[in-house]
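Student: quick one, fold the following:
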Amino acid sequence: MKVTKAQAQANRARVVETAATLFRERGYDGVGVADLMAAAGLTHGGFYKNFGSKTDLMAESAACSFAQSALSVGADIAEFVQTYLSREHRDAHATGCTIAALSGDAARQPEAVRAAFVTGIERQLAVLNAGPSLPNAAGTSAERARHLAILAQVVGAVVISRACPDDAPLADEILAVCRDRILASLNTPSAENAPGHEPDA
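Tutor: Next comes the predicted model:
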């Protein structure tokens, strides 16, 4: 039976969404095309009707999962930090943040995949920048810099925590210490705004 154009588009979207989940859970090298198509409920042969290569799918699925992540980011930075550095997020490999799940893998992938990460990280920052202004952040560039620093800190904390066994006390300690330090820093003047700081010429 011939597949309609609408059904073909729906099948393609299902593959992308399935890949976005499986790649975050297992990494790019941990998911083969055959396994991916089976998980999506489709035949292996249908893959190359929709995608030129696995790399093409990796880039598109990254964009898909980044869009999902950006939609789940709260406007309040403190709420974002608390949610991101929770045990629930730490354990949600398949549905959690793409940056924490796949940045290490993406660094070794072709440019198309890394470009998708640039776009996705910028999207995440845009959502954070659209929220309430940070205390003591003077202007857009200073606020972007602090959001970028916070994003890097929370991602690093989750990555290191996930490297520990699930039942290791250190896994929870990393999340708690980083969460408390970042939340405390939100009300601390940044270096650019500290008394006596001289702006760059």
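Student: packing partners for the helix or strand where Glu79 lies?
Tutor: Element membership of Glu79 [criterion: DSSP states H and E] is helix 77-84. In terms of contacts (3 or more Cβ pairs under 8 Å, 6 or more residues apart in numbering; DSSP states H and E), helix 77-84 is packed against helix 140-163, helix 169-185. All C-beta atoms are positioned from the backbone trio N, CA, C, and that covers glycine.
Student: helices along the protein, start to end?
Tutor: Ranges of helices in the chain, per DSSP state H, are 5-26, 33-39, 47-50, 54-72, 77-84, 87-91, 98-106, 111-129, 140-163, 169-185.
Student: let's have those helices in a markdown table, adding mean pLDDT.
Tutor: Formatted as a markdown table, those follow (pLDDT from 0 to 100):
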| stretch | mean pLDDT |
| --- | --- |
| helix 5-26 | 94 |
| helix 33-39 | 95 |
| helix 47-50 | 88 |
| helix 54-72 | 87 |
| helix 77-84 | 92 |
| helix 87-91 | 96 |
| helix 98-106 | 95 |
| helix 111-129 | 92 |
| helix 140-163 | 93 |
| helix 169-185 | 97 |
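Student: could those go into JSON lines alongside mean neighbour count?
Tutor: Converted to JSON lines, those look like this (neighbours: other Cβ atoms under 10 Å):
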{"stretch": "helix 5-26", "mean neighbour count": "17"}
{"stretch": "helix 33-39", "mean neighbour count": "16"}
{"stretch": "helix 47-50", "mean neighbour count": "14"}
{"stretch": "helix 54-72", "mean neighbour count": "20"}
{"stretch": "helix 77-84", "mean neighbour count": "19"}
{"stretch": "helix 87-91", "mean neighbour count": "15"}
{"stretch": "helix 98-106", "mean neighbour count": "21"}
{"stretch": "helix 111-129", "mean neighbour count": "17"}
{"stretch": "helix 140-163", "mean neighbour count": "17"}
{"stretch": "helix 169-185", "mean neighbour count": "15"}
